[in-house]
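**Q** requesting a structural model of the entry that follows:
(chains A and B)
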Amino acid sequence: MAPSSRPLSPHLSVYRFTLTMTMSIVHRATGIALYGGTLLLLLWVLAAAIGGDFFNCVNWLFGSWFGQLVLFGYTWVLFHHMLGGVRHFIWDFTKAMDPVGRELLVRLQLGASIALTLIVWAIFVWFK
Amino acid sequence: MSEKPSAAQIRNPKTHYGNAKASTRHFITQRITGAINIIFTLFLVWLVVSLAGADATGKLALMHSPVAAIGLMALFVVVAIHMRNGMRDVIEDYFDGASERLAMAANTAFTLFVLVIALVALAKLVFWG
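**A** Numbering: from 1, shown residues only, chains lettered A, B, ... in the order given. Model (predicted):
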């Protein structure tokens, strides 16, 4: 039998927000942000390859307060999406799927992503 | 990849959606590339941090080192697979029919755009300085 396509996702507005659901949305949102964020990584690599004034310009941009703000956000998004992936690995082995376990896992993920971001920036940027 | 499922298909719990084999491969690919990306995330943080500590000359010197360039090349390849796969999940949820096919093509085009330019730029750094 020829497979038919999957039905579309229902509207979000019909649900009451729960923690795991919110984090599922955040996982998707951070994934999409990282998808676009590869352009920043590309710009950086391109600047190094081209060098000269273009490199200095990009270097200045990433060093400016706005660039630093974006990179700080990027760091959290990256860590949060990474830990979200780890959470899915744990769920793939059907661990922590009960109401208490899954809520704890999600709280740990959010706490760890914020902590990791602050630690990396504190050690390597703010107090280096 | 085809048209909208009918109401009767959605009501029937035994309806099979999509391609079972391709979807399993998609799932496993996403898990494997995701696991590799944990290592690449740490590598990227290390690289960016090392660069942040260096002056302009030091920055360019580090970017020219084979460790950085080869690591970044591998990173871009695995990330390209992971990001295209991931965006595919999003597209499947919100698009149907012709708009789905168009979005899938745009997804592949964007991924290839990022990957090819990154690999050419990194190859230039390694071989031509």
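**Q** look up how far chain A lies from B:Asn12.
**A** Using Cβ to the nearest Cβ, to the nearest Å, B:Asn12 is found at 11 Å from chain A. Backbone N, C-alpha and C define where each C-beta goes, glycine included.
**Q** for A:Ala47, grab phi and psi.
**A** phi -60, psi -40 (degrees, to the nearest 10).
**Q** how far out from the middle of the chain is the strand or helix carrying B:Ala22?
**A** Using DSSP states H and E, B:Ala22 sits in helix B:20-53. Helix B:20-53 sits 9 Å away from the centroid of its parent chain (Cα atoms, centre = their mean, to the nearest Å).
**Q** stretch A:54-71 too?
**A** The answer for stretch A:54-71 is 20 Å, by Cα atoms, centre = their mean.
**Q** where in chain B is pLDDT low?
**A** B:1-3, B:52-54, B:56, B:129 (pLDDT under 70).
**Q** wait, A:Glu103 sits on A:Met21?
**A** No. Applying Cβ atoms under 8 Å as the test, A:Glu103 and A:Met21 come out as separate, 11.3 Å apart.
**Q** so where's chain A shaky on pLDDT?
**A** For chain A, residues meeting the criterion pLDDT under 70 lie at A:1-2, A:12.
**Q** same thing but 80
**A** Within chain A, the ranges that satisfy pLDDT under 80 run A:1-16, A:125, A:128.
**Q** quick one: the helices in chain A, in order.
**A** A:19-50, A:52-63, A:65-92, A:99-121 (DSSP state H).
**Q** an error on my part: the question was meant for chain B.
**A** Under the criterion DSSP H, chain B contains helices at B:7-11, B:20-53, B:56-64, B:66-94, B:97-127.
**Q** how far does stretch B:48-61 sit from the chain's center?
**A** 26 Å.
**Q** what is the burial count for residue 99?
**A** Using chain A. 9 (other Cβ atoms under 10 Å in any protein chain shown).
**Q** oops, wrong one, chain B.
**A** Neighbour count for B:Ser99, taken as other Cβ under 10 Å: 11.
**Q** same thing with A:Gly73?
**A** Counted with other Cβ under 10 Å, A:Gly73 comes out at 13.
**Q** look up how far chain A lies from B:Ile10.
**A** When distance is defined by Cβ to the nearest Cβ, B:Ile10 is 5 Å away from chain A.
**Q** assess the claim that that residue and A:Pro7 are in contact.
**A** Yes. Counting by Cβ under 8 Å, B:Ile10 touches A:Pro7, with 5.2 Å between them.
**Q** ok so, going back, distance to chain B for the helices of chain A - can I get that in TSV?
**A** Output for the helices of chain A, formatted as TSV (distance: least, Cβ to the nearest Cβ, whole Å):
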stretch	distance to chain B
helix A:19-50	4
helix A:52-63	7
helix A:65-92	4
helix A:99-121	6
